[in-house]
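Q: make a model of this:
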Amino acid sequence: MNPSDDVIEVRNLVYHVGGRAILDGISFSVCRGCIFGVMGMSGTGKSTLLKCLMGLLRAESGEVIVDGDIVTGVAEQELARVRSKMGMCFQYAALFDSLTVAENVAFGLKRHTHLPPDEISLRVADALAHVRLRDIDNLMPAQLSGGMRKRVGIARALVIEPMIMLYDEPSAGLDPITAAVLDDLILSLAREHGMTCVIVTHEVRELFSLCDSVMMLHEGRIVALDTPDRLKRSPDPIVEQFVEGRPIGPIAV
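A: A predicted model of the protein is given here:
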């Protein structure tokens, strides 16, 4: 593929739960090296979309293509190879409570590579330094603040040196200052490593400050896909209500 091509392509993706369309034939693409946001109300399919991109959920129809490789409908062995291009940062970090910080960060390397222990230790230390955490290798997740847990989760994804980072609600549960610190970290990591990022959240401020383009999902469909500046001025009543956080409008709560 040419470096200027789209690194993620989604074509007519469909996913149902209990007869309800969570993703209803959505199509979009993400440019290599850009930060792409997905916003929408809770339950509109944002996190489901991320899991489909990663191959953690199998879509009923449609295609997901990552860096030229098909994710949908392939064997687990092939899927593992494609997943190695992506780092996933889960909403609440999803750390293993019984493992130390260093063991959590090293988990993917030990499971999916044959690197020697010394090399793994060096890469773990480097990943923790990149997320501005030092001297916490032997701490347990229960000893960490919410913001620190999130950064350890990023380090765990970063240590495999992915070309794509997927973030699910990165600022969920954090105070405004810690959330701003995390946003700054996400932005600096993306620019420093030239990674493509997909950020899923309902936090409009966060997306508009970080993203090159933002897509809005509503009832399983794409209702908008544009730059933050244009979305701020969107005449679409659904987009307008969500961006402004108004209680009255076409979005029923």
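
Q: list the residues that contact F90.
A: 153, 168 (Cβ atoms under 8 Å, 6 or more residues apart in numbering). C-betas here are computed from N, CA, C, even on glycine.

Q: now do it against I70, distance only.
A: To I70, F90 is 24 Å away according to Cβ to Cβ, to the nearest Å.

Q: got the phi and psi for T196?
A: phi -80, psi 140 (degrees, to the nearest 10).

Q: got a list of what it touches?
A: Counting by Cβ under 8 Å, 6+ apart, T196 has contacts 7-8, 30-36, 163-165.

Q: just checking, next helix/strand downstream of the helix or strand in which L225 is found?
A: Using DSSP states H and E, L225 sits within strand 221-226. Once strand 221-226 ends, the next helix or strand along the chain (criterion: DSSP H and E) is helix 228-232.

Q: quick one: contacts of the lowest-mean-pLDDT helix or strand in the chain?
A: The weakest-scoring helix or strand in the chain, judged by mean pLDDT, DSSP states H and E, is helix 76-83 (a mean of 86). By Cβ under 8 Å, 6+ apart, the residues outside helix 76-83 that reach it are 54-55, 66-67, 69-71, 74, 112.

Q: now, the most widely separated pair of those residues?
A: I70 and H112 (20.0 Å; Cβ to Cβ).

Q: what ranges do the helices span in the stretch 51-200 of the chain?
A: Under the criterion DSSP state H, counting those that start in this stretch, helices of the stretch 51-200 of the chain are mapped to 76-83, 101-112, 117-130, 146-158, 176-193.

Q: most packed of the ones you listed?
A: Highest mean neighbour count among the helices of the stretch 51-200 of the chain (mean count of other Cβ atoms under 10 Å): helix 146-158, with a mean of 24.

Q: roughly how far out does it sit from the chain middle?
A: 13 Å (Cα atoms, centre = their mean, to the nearest Å).

Q: between that helix and helix 176-193, how many degrees?
A: Put simply, helix 146-158 runs at 20 degrees to helix 176-193, going by axes from the mean of the first three to the mean of the last three Cα atoms, to 10 degrees.

Q: name the nearest residue to M140, sequence neighbours excluded.
A: Leaving aside its chain neighbours, M140 sits nearest to T100 (6.1 Å; criterion: Cβ to Cβ, 6 or more residues apart in numbering).

Q: contact partners for the one you found?
A: Counting by Cβ under 8 Å, 6+ apart, T100 touches 137-140.

Q: can you lay out those as TSV showing pLDDT?
A: As requested, those are exported to TSV (pLDDT from 0 to 100):
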residue	pLDDT
D137	92
N138	93
L139	95
M140	95
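
Q: quick check: ChimeraX command selecting the buried ones in the residues you listed.
A: Buried members of the contacts of T100, defined by 16 or more other Cβ atoms under 10 Å, are picked up in ChimeraX with:
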select :137,140
